[in-house]
Every structure is written in structure tokens, then in C-alpha cells.
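Asker: got a sequence here, can you build the structure:
(2 chains)
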Amino acid sequence: MNDISKIEIRALRKSFGSNEVLKNISLDVAKGGVVALIGPSGSGKSTLLRCINLLVVPDGGSVRVGDTRFSFGDGSKLPDVKTLAKFRATTGMVFQHFNLFPHMTTLQNVMEGPVTVRRMARADAETLARAQLAKVGLAEKADQYPATLSGGQKQRVAIARALAMEPDVMLFDEATSALDPELVGEVLAVMQRLASEGMTMVIVTHEIAFAREVADRLIFMRDGVVVEEGPARQVIDNPQEAATRAFLSHFHRTGALPPANATS
Amino acid sequence: MYHWDFGILWSYRWLFLNGLGVTVGFTVVIVVLGLVFGLFGAFGSLSRFKAVRLVALTFIEAFRCTPILVQLIWFYYALPILAGVEMTPITASALALSLYGGSFYSEIIRGGIVSIDKGQSEAGAALGMTPGQAMRRIVLPQAIKRMIPALMNQSIIQFKNTSLVSVLAVPDLVYQSQVAAHDSYRPLETYTAVAVAYAAILIPLTIIVRRGEKRLAVGE
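Answerer: Numbers count the residues shown, from 1 in each chain, chains lettered A, B, ... in the order given. As a prediction, the model looks like this:
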């Protein structure tokens, strides 16, 4: 798995003050693989996700995405802002609270990365952005401001914005947790299609049924450590650890995904 | 009963116009310079480096927490003695007022920047922006909208604070009206006219800014 893995994390450690959030985490994601991170809040799964694109800088260990590797801890120098920015441009991230830019239209939101970061010509960026908006079923919303969109539409714009950077890897940080239940389906449908197109994805989620359906590997974290890891269906249907069983008992694990009613 | 006679002011019209010109010109200079100091103060107080933060905070509090009248006198009379820096009354008062205004602008600008949700700069960073790009493209355009009412407010105060430069004999509107009042023995009419002149300039300005604010509010 190592020679084809897209993401490789080794011995990752992170503390916030005296609170050790990640304790010696290692993780591999194959090219085109979809990994779901589940666990109770405070388990460190969001921090782990944010360490993959270095929005959170680890205290120790190493992170590799594609061909770029960073080491942290004693003796290793922190990467400078330019190096970090260049690295992050190759990974897309989708946030729980969308974090769309409210002062820009939907189209401008999606164009922002290509224009500012990739220095793409405006006309080319617009073509790309319109194509990405069409892909998430929101071509007709191009000239609207985010404030006029529903939560599900906002999150689909956020996905289009990340995809416009043409990333190698997509990271989803509880992308559906802030949505009304009836809007979850349209976002999951976009994510599912992305997975089926071969995008490498790491998904922090509470949608266990979705993880079972879409992820090929599942990682259960608690208190900053990986408790259990394996093929998603196997872990969900037949968890080996007591902690995993206790956590999963709170969820419906199978059944149909929420209906997707707004995607093209 | 006092008998008002505003007609007498007509003979001082050139004096008033001169003074008004100085007041307006002075305000433009101290607002622009003040905003420059304010930008340095704001970004200094948000710096990653402790020494820079300390310098910025010292500047802000030194000018924010002392009276402007004392600063004016201090810049003109004390600096030559203490530091050997000689300044004309105009330079001294422009500098003092700009720094005084700058200390307040600093806090307004800093407040506007930190009021923007951290998720905004994170989203910029996740797209691959440098902190500078995220500041310019994402944070500042949103923060400036929030700063405008407070910046306008402070600039109005700055406009009126220029009246204090008369203590250093800078010939602004208030200084010239003192001359007119002494000459005409009509201080009530003179100062009433001065108040009207200040309001006549400020009120249209506030209306323009309010309209601009509405236009900027798109998308929110």
C-alpha cells in the first residue's frame, strides 16, 4: 500500500496547551481511496484532518501528500508561509460551516482560488468555475450571493470552490453536520459522485450509513488515538473493540442514504 | 433681550473663508496621515512578533489615553527642549492630531479585522492563499465594511478637533473667528456662524457615507 499511497501520516502528535489531542497517529490513504474518520467529539478527528493540509501544524511526526513531505518536531524547521500555501493549494477542504466568502457571488467564490492562487486568466477561471458549479447542480446560482442560498446549496458551492483548485485530495470536515436533515442528502450525493470518480478523500463524518456506503476504509478514533481501523463495512457491521461498539450503538448503521433531491 | 445681528459677519467673510480652507485642508491631512498611522498601529498590534506588538500598543495607548490639547502643546513646546526637534505650529499640530487620530483608527481597524470569523481566513488558507493574500482578498474587504461607520465617526471628531490648533496660533476657522469676535464685539454671532459652518460641511458628508454603506452592504 505504501508505494501507491496518496497520503501518508506517521507518528503524528499535537497538543493544545496541556491537552494532547493527537497521540502518535499513523494513517495511509491509497490513491483514489476514501477514508472515513469517525469518533465522539473531542476525539481528535477534526484536528487530524486539519493536520493533513497543515491548517493545524503538528508538534511531531510527518505528513506526506503526493510527493510533498513535511516533518515536525525536534530539529525540524517549520515550513514558511509560501511553502505552506503552495502545499495547501493541492488539497481541497470543505468545512462544517461552509466558510463561503459572503462579499463575493457564488461564481466569484469558485473563481477566487484559480485567480488569486493559480494566477489563472479571469476568462479561463470563469469557464472553470461555471463548469464546477454545473457539476454540483448550481449553474443557475452563479450570480447570487451566498446569503441567498440554503445550507445544502452553500455546501455544494464550497465543494465546487475546493474542486476549482483541481486538488489531488479532498478533505471533508463534518460537511453535513450544520445542515438541516432534509438538506444532507444533496451534499452526500455530490460527495458520493466525487468518490466514484476516483477522488482521494478523507471524510470526518457522523453519517455512519454514508461512511458504510461510500468509504472503503474506516477509522474510529477516541481520545487522540486510533481505536479501530479497517474496511468500512467490516468495522461498522462487526466492530471488534468495545469502544467502537459503544459508539456505533448510537447510530443506524445501514439503510438507504438520505434522498438526494437537488443534484443534477 | 439680546439683539442678534448676523449682518455684521459679512465684512469678515474672507477671514472666515480663509479659516475654513485651513480647517478643511488640515482635516484632509490628519485623516489621511491618521489612517496611515492607524494601519501601522493595527497591523503592529496583530503582529506575530511580541516586540512589534509592544511598540504598537505603546503608541496606541500613549496617544489614546492623554488629552489632545496636552499633546498639541507638548509637540510644539516640549519637543524642541527635550529632543531638539523644532517644528512650525502647523507641522506640530498636524503630527499631534494625526498620531492622536491614528491611535483611535488603530483600534477601529484592528477591531474590524478580528471581528471577521476565523473560518474566512482558514478557507483562504485551505485554497492555498498566503496569509497576506487571505488578508487582502478575504478579510479586509469584509472588515472595511464594518469599520466604515466607526472610521467616519472618528474622522468627524478629527474634523472638530482641528479647532484645537488655534492654541498654537494656526489660523483655522476657530482662530480666525476669535479674531473676528474680538474685532466686532459680536462673539455670539461669530461662534454660532462657526458652528453652522462645521455642521454644513459634516452633515452632507455623513449622508454620502450612509449611502455608500448601503451600497457596500450587498450580499449580507
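
Asker: element containing the residue lying farthest from the centre of chain A?
Answerer: Distance to the chain centre peaks in chain A at A:Gly75, reaching 30.0 Å (criterion: CA atoms, centre = their mean). Here A:Gly75, judged by DSSP states H and E, is contained in no helix and no strand.

Asker: tell me the phi and psi of it?
Answerer: phi 80, psi -20 (degrees, to the nearest 10).

Asker: could you do the one 4 residues further on as well?
Answerer: Dihedral pair for A:Pro79: phi -60, psi 150, per degrees, to the nearest 10.

Asker: find the residue closest to it in space, skipping its chain neighbours.
Answerer: A:Phe70 (5.8 Å; CB to CB, 6 or more residues apart in numbering or on different chains). Every residue, glycine included, has its C-beta placed from N, CA and C.

Asker: which of the helices or strands spans the one you found?
Answerer: In this structure, A:Phe70 is located in strand A:68-72 according to DSSP H and E.

Asker: partner strands of that strand, parallel or antiparallel?
Answerer: The pairing partners recorded for strand A:68-72 under DSSP bridges are strand A:60-65 (antiparallel).

Asker: and the strand holding A:Phe70, C-alpha only, in CSV?
Answerer: The C-alpha trace of strand A:68-72 is given here as CSV (Å, rounded to 0.1, in the frame of the first residue of the first chain):
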residue,chain,number,x,y,z
THR,A,68,5.5,16.6,-0.6
ARG,A,69,6.6,15.6,2.8
PHE,A,70,6.9,17.7,6.0
SER,A,71,8.4,16.5,9.2
PHE,A,72,7.8,18.1,12.6
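
Asker: quick one: distance of that strand to the chain centre.
Answerer: 20 Å (CA atoms, centre = their mean, to the nearest Å).

Asker: circling back: for the residue farthest from the centre of chain A, what are its contacts?
Answerer: With CB atoms under 8 Å, 6 or more residues apart in numbering or on different chains as the criterion, no residue contacts A:Gly75.

Asker: what does stretch B:84-98 rub up against?
Answerer: B:26, B:29-30, B:33-34, B:36-37, B:68, B:71-72, B:74-76, B:79-80, B:158, B:161-162, B:164-165, B:168-170.

Asker: what helices and strands are in contact with the helix or strand harbouring A:Val157?
Answerer: If you go by DSSP H and E, A:Val157 is part of helix A:151-163. Counting contacts by 3 or more CB pairs under 8 Å, 6 or more residues apart in numbering or on different chains; DSSP states H and E, helix A:151-163 is packed against strand A:91-94, helix A:106-112, helix A:122-135, strand A:169-173, helix A:181-196, helix B:118-127.

Asker: out of these, which one sits most buried?
Answerer: Of all the helices and strands packed on helix A:151-163, strand A:91-94 has the most neighbours on average by mean count of other CB atoms under 10 Å in any protein chain shown, namely a mean of 27.

Asker: lovely, talk soon.
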